[in-house]
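[1] Turn this into a structure:
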Amino acid sequence: MSERNHTVPVLGITMGDPAGIGPEVVLKALMEPEVQEICYPVVIGDGSVLERVSQKLGLEVELNSISASSLMSQGWTTSSACDKRQINLIDLATLHPDDIRVGEVQPQAGKAAVEYIKTATHLAMSGLLAGIVTAPINKAAMNLAGHAYAGHTELLQALTKAQRVAMLLYLGHLGISHVTTHVSMRDACQLVTRERVLEVLRLTNAVALKLNQADKPLAVAGLNPHSGEGGLFGNEEEEAITPAICQAQAEGINVVGPLPPDTVFLKAHRGVYDFVIAMYHDQGHIPAKLLGFETGVNVTLGLPIIRTSVDHGTAFDIANQGIADCQSMVEAIRLATRLA
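    So this is what the prediction gives:
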């Protein structure tokens, strides 16, 4: 291996649901030469599961078990990292491969996935990791294991005791943050309040500044068709969204809106805006999936730690078949490195 000496961040990579494509995309991503160049990645998961996946798929990797106490948040260099065939692992040894039925929702898989996240979060909160990157989990499996969270975001908020969080989908140049996510449409409308919209505006502005993408205004999508058409199609814009925008502008945030949701994403795609604030899950996720299904990254804003993730699910139907695309994981690692 050639000698390289620039400092890189130490990132914890959680394995995700062991019955899904998480182990595969993690292994494939960490075999990419670029990943070893930009960070010092450490997988947090089950070594026996990773070993079985690598053997089944014919991946030429060597798992290097390390202890959490050996980690440092600073000082690692790319010359410290191993080549692409060696992957560092904190082996929690929570499972035996025979305990898992690949491609199925099961409580033991959900329990293990939560343990990976808990360990990674603790290490990041302790300063031993510069950030964490998470492979996909299955919400049903997590709930069957007794962890009643709607997803990663809610679990991480509880673990870190963060007061205000928001989901951001990042597509390499375009960020889409969300005022509401995993709730019904009926509840989403009730949750679009002045206070919540203003929170998400502040969080989005902070990440835009960190990524040096604050030169363009943040664009706020309306909740209703045509952004309410002056109250004709709803009053959420006049009562909640516009007052939040005015307050944000008074604080010095460069923001415009509310804009008709059926055109704002097209304008963003054409480069008019770099960040759009969506009001509910599908309003933001549909354009994100359309524009960057293979490369999108999920970022949790407002946490005291850096957390990025793939923007896809566990894909049980293709688990352990060798056909899962690791590009979203590579992009998540790349963005976590930028933020760190």
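
[2] Now do the strands in the chain.
    For the chain, applying DSSP state E gives strands covering 10-14, 40-45, 62-65, 86-91, 131-134, 166-170, 175-178, 218-221, 255-259, 275-278, 297-301, 307-310.

[3] max-length helix in this protein?
    The single longest helix within the chain, with elements called by DSSP state H, is helix 107-125.

[4] relative orientation of it and strand 10-14 in degrees?
    Helix 107-125 runs at 170 degrees relative to strand 10-14, counting by axes from the mean of the first three to the mean of the last three C-alpha atoms, to 10 degrees.

[5] which secondary structure elements does helix 107-125 contact?
    strand 10-14, strand 40-45, strand 131-134, helix 139-144, helix 152-160 (3 or more C-beta pairs under 8 Å, 6 or more residues apart in numbering; DSSP states H and E). C-beta: built from backbone N, CA, C; applies to glycine.

[6] Okay, now the sheet partners of the second one, with direction.
    Which is strand 40-45. Within its sheet, and counting by DSSP bridges, strand 40-45 is paired with strand 10-14 (parallel), strand 86-91 (parallel).

[7] Quick check: which of those strands is buried the most?
    strand 10-14 (a mean of 28; mean count of other C-beta atoms under 10 Å).

[8] neighbouring contacts of it?
    Contacts to strand 10-14, defined as C-beta atoms under 8 Å, 6 or more residues apart in numbering, come from residues 26, 29-30, 39-45, 71-73, 76, 90, 113, 116-117, 120, 123-124, 128-135, 333, 336-337, 340.

[9] again, only this time at 6 Å
    26, 39-44, 71, 76, 116-117, 120, 123, 129-135, 336 (C-beta atoms under 6 Å, 6 or more residues apart in numbering).

[10] again, but for stretch 17-37
    Contacts for stretch 17-37 (C-beta under 6 Å, 6+ apart): 13, 15-16, 41, 43, 49-50, 53-54, 59, 61, 78, 81, 84, 87, 100, 102, 104, 109, 112-113, 135-138, 141, 314-316, 319, 324, 326, 329-330, 333.

[11] Export it to PDB, keeping only CA atoms.
    In PDB, the C-alpha atoms belonging to stretch 17-37 read as follows (Å, rounded to 0.1, in the frame of the first residue of the first chain):
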ATOM      1  CA  ASP A  17     -30.900  -5.100   9.300                       C
ATOM      2  CA  PRO A  18     -28.800  -8.300   9.000                       C
ATOM      3  CA  ALA A  19     -31.600  -9.900   6.900                       C
ATOM      4  CA  GLY A  20     -31.600  -7.200   4.300                       C
ATOM      5  CA  ILE A  21     -29.100  -5.700   1.900                       C
ATOM      6  CA  GLY A  22     -27.300  -3.700   4.500                       C
ATOM      7  CA  PRO A  23     -24.300  -6.100   5.000                       C
ATOM      8  CA  GLU A  24     -23.800  -6.300   1.200                       C
ATOM      9  CA  VAL A  25     -23.900  -2.600   0.500                       C
ATOM     10  CA  VAL A  26     -21.600  -1.900   3.500                       C
ATOM     11  CA  LEU A  27     -19.000  -4.400   2.300                       C
ATOM     12  CA  LYS A  28     -19.200  -3.300  -1.300                       C
ATOM     13  CA  ALA A  29     -18.900   0.400  -0.400                       C
ATOM     14  CA  LEU A  30     -15.900  -0.100   1.800                       C
ATOM     15  CA  MET A  31     -14.100  -1.900  -1.000                       C
ATOM     16  CA  GLU A  32     -14.200   1.300  -3.000                       C
ATOM     17  CA  PRO A  33     -10.800   2.900  -3.100                       C
ATOM     18  CA  GLU A  34     -12.200   6.400  -2.700                       C
ATOM     19  CA  VAL A  35     -13.800   5.500   0.700                       C
ATOM     20  CA  GLN A  36     -10.500   4.400   2.100                       C
ATOM     21  CA  GLU A  37      -9.000   7.700   0.800                       C
END
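
[12] what's the spacing between that stretch and its chain's center?
    Distance of stretch 17-37 from its chain centroid, counting by C-alpha atoms, centre = their mean, to the nearest Å, is 15 Å.

[13] Would you map out the domains in the chain?
    What automatic domain parsing lists as the domains of the chain is 1-162+303-340, 164-302.

[14] Measure how buried residue 262 is and give me the count.
    Neighbours of residue 262 under the rule other C-beta atoms under 10 Å: 13.

[15] ok, now residue 209?
    Residues lying near residue 209 (other C-beta under 10 Å) number 11.

[16] how close does it get to residue 38?
    22 Å (C-beta to C-beta, to the nearest Å).

[17] do the same with residue 13
    For residue 13 relative to residue 38 (C-beta to C-beta), the value is 13 Å.

[18] ok, what's across the strand from the nearest residue to residue 300 once chain neighbours are set aside?
    Excluding the flanking residues, the one nearest residue 300 by C-beta to C-beta, 6 or more residues apart in numbering is residue 307, at 4.6 Å. In this entry, residue 307 is beta-bridged to residue 132, by DSSP bridges.

[19] Go ahead and confirm residue 307 touches residue 132.
    Yes. Here residue 307 reaches residue 132: they are 5.2 Å apart, a contact under C-beta atoms under 6 Å.
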